[in-house]
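Engineer: Need a 3D model of the sequence below.
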Amino acid sequence: PRLSLGSKMYYLMNVCLHPESVLREDRVTETAESILQRYLPYFNMDDDARGREILVDFATACVEHTSPGKDRKSHSKASQAGGSEAAPSPSPSATAANATATSTPAAAAGVGGANPFDDKLNPQEEQLMAFFNPNIGTGGVSSDGIKSLEAFLEDLANAYKDYGAQYDFFTMIVRLFLLPLFPGRIRCRAIDELRSIAHLLTLPREIDDASAEDLSVLLAQSMLGGLPSADQSKRDDADVLDAVTLLISPSNAIRPADGYIVLLGVGMLVRCVATAASRCGGSNAAIRSRLLKVHRNLADAVIELASALLEADGSKQALVGLLIGAYTAGRLDVPFRNRETISRNVLDEQLVRKFGLETEK
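Structural biologist: Numbering: from 1, shown residues only. The predicted model follows:
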């Protein structure tokens, strides 16, 4: 049978939930990683329509193989047991849609010539349902899909923390949930699940690569864009910005984040500052609050790189190039056990002098 790319990725990710004896087999992980490398180029938001299609197909596969809520079976337990899961219950939106089609006054009256017993909603019913569930008719992920994604993420994160962090393929899999292809709620949940082990999310070969070529590719996939005014990209969600700021905060863990996570966090903050400075939107108070939470080295780097991005063409390629250049030059390094943050007065002076971002009254 033919499978969509989103479904294929879901099944590939399930390799991580097999017993550890399977992951120890090089022929399994090497083959799986080779397949993953073929899929990854499509897991970006450069094409919004394709990205949404992949996400919906991925979420649909999750729904079909888990039942969100108290009675759901763990993906990992089910796979290890070797049994099949019960068919998922109808989603709330589908149940509501069927109920509307058979019981609303509009349907009962046959508005628009619709058969009140027809599962297909007429235009009036679609308008009403869209008011209560904005995912209807938008190509978005349903509430059941979100719950199933969270359940799948939880199973993967638990297995990763138990034994999976030693396997490169597993690390590449859990990092997928940090990509902007996924809804902000899922990205925030992934950050929360992985916060204590963020320093493990960079592969050894990525750390050893002086050119940072692989990190450059991964970072490009992880950024929504450059400056919205330059490439019409979307701004990052405030919740995701807050979560990733905490991820690179000195108070996050005993060992500071480095590698991919620092590049991701600094990159998103650079976009945030540069976007506000170019008057594309963003709260000055929120920017200050976030920069006051990160290490002083990183706050200084964010301000410097945001200024450089504004002087460049503002593209995502320029942003990634600036970040990789700073990373390979050691300007994103955080001294071990050094929890120094930038002072409010110094930060305010730099934001006003470089960008004209006055403190909001």
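Engineer: what stretches of the protein score poorly on pLDDT?
Structural biologist: Across the chain, the ranges flagged by pLDDT under 70 are 1, 45-47, 67-139, 253-254, 280-282, 360-361.
Engineer: mind listing the strands for it?
Structural biologist: Assigned strands in the chain: none (criterion: DSSP state E).
Engineer: Please work out how many residues are found near the nearest residue to residue 184 once chain neighbours are set aside.
Structural biologist: Spatial nearest neighbour of residue 184, excluding adjacent residues (CB to CB, 6 or more residues apart in numbering): residue 237 at 3.9 Å. To be clear about C-beta, it is placed using only N, CA and C from the backbone, and glycine gets the same treatment. Per other CB atoms under 10 Å, the neighbour tally for residue 237 reads 17.
Engineer: and if you look at the one 4 residues further on?
Structural biologist: Taking other CB under 10 Å as the criterion, the count of residues near residue 241 is 20.
Engineer: next one: residue 340
Structural biologist: For residue 340, using other CB under 10 Å, the count is 12.
Engineer: Nearest spatial neighbour of residue 42, chain-adjacent residues omitted?
Structural biologist: Closest to residue 42 by CB to CB, 6+ apart is residue 5, at 6.0 Å.
Engineer: Run a quick neighbour tally on that neighbour.
Structural biologist: Should you count by other CB under 10 Å, residue 5 turns out to have 16 residues around it.
Engineer: Test my guess that it contacts residue 39.
Structural biologist: Yes - applying CB atoms under 8 Å, one finds residue 5 in contact with residue 39, separated by 6.5 Å.
Engineer: re earlier: and the residue nearest to residue 42, how far is that from residue 229?
Structural biologist: 32 Å (CB to CB, to the nearest Å).
Engineer: Residue 220 too?
Structural biologist: 19 Å.
Engineer: higher neighbour count, those two?
Structural biologist: Shown here are residue 220 and residue 229; by other CB under 10 Å, residue 220 has more neighbours (18 against 15).
Engineer: residue contacts, the more buried one?
Structural biologist: 44, 316-317, 320 (CB atoms under 8 Å, 6 or more residues apart in numbering).
Engineer: and residue 334, how far is that from residue 261?
Structural biologist: 11 Å.
Engineer: out of the two, which sits in the busier spot?
Structural biologist: residue 261 (24 against 20).
Engineer: and the contacts of residue 220, which of them are in helices?
Structural biologist: Among the contacts of residue 220, the members found in helices (DSSP state H) are 316-317, 320.
Engineer: burial count for the closest residue to residue 33 other than its chain neighbours?
Structural biologist: Leaving out its chain neighbours, the residue that sits closest to residue 33 by CB to CB, 6+ apart is residue 169, at 4.8 Å. Using other CB under 10 Å, the number of residues around residue 169 comes to 21.
Engineer: roughly how far apart are residue 169 and residue 176?
Structural biologist: Counting by CB to CB - residue 169 and residue 176 are separated by 12 Å.
Engineer: ChimeraX command for the buried members of the contacts of residue 220?
Structural biologist: Only the buried entries of the contacts of residue 220 go into this ChimeraX selection, using 16 or more other CB atoms under 10 Å:
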select :44,316,320
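Engineer: just the contacts of residue 220 now: which is nearest residue 248?
Structural biologist: Of all the contacts of residue 220, residue 248 sits closest to residue 320, with 17.5 Å by CB to CB.
Engineer: so how many other residues sit close to residue 59?
Structural biologist: Using other CB under 10 Å, residue 59 has 25 neighbouring residues.
Engineer: Please disregard the earlier target; I meant residue 294.
Structural biologist: Residue 294, neighbours per other CB under 10 Å, totals 27.
Engineer: where's it relative to residue 146, distance?
Structural biologist: For residue 294, the distance to residue 146 (CB to CB) stands at 29 Å.
Engineer: Over to residue 244?
Structural biologist: To residue 146, residue 244 is 20 Å away according to CB to CB.
Engineer: And residue 323, by the same measure?
Structural biologist: Counting by CB to CB, the gap from residue 323 to residue 146 is 30 Å.
Engineer: Same question for residue 312.
Structural biologist: From residue 312 over to residue 146 the distance is 37 Å, taken as CB to CB.
Engineer: Counting neighbours, go ahead and name the busier of the two.
Structural biologist: The neighbour comparison of residue 312 against residue 146 (other CB under 10 Å) goes to residue 146, with 21 against 17.
Engineer: contacting residues for that one?
Structural biologist: Residue 146 neighbours (CB under 8 Å, 6+ apart): 59, 183, 185-186.
Engineer: Reformat the residues you listed as TSV; add distance to residue 208.
Structural biologist: Shown next, in TSV, are those (distance: CB to CB, whole Å):
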residue	distance to residue 208
59	36
183	34
185	35
186	31
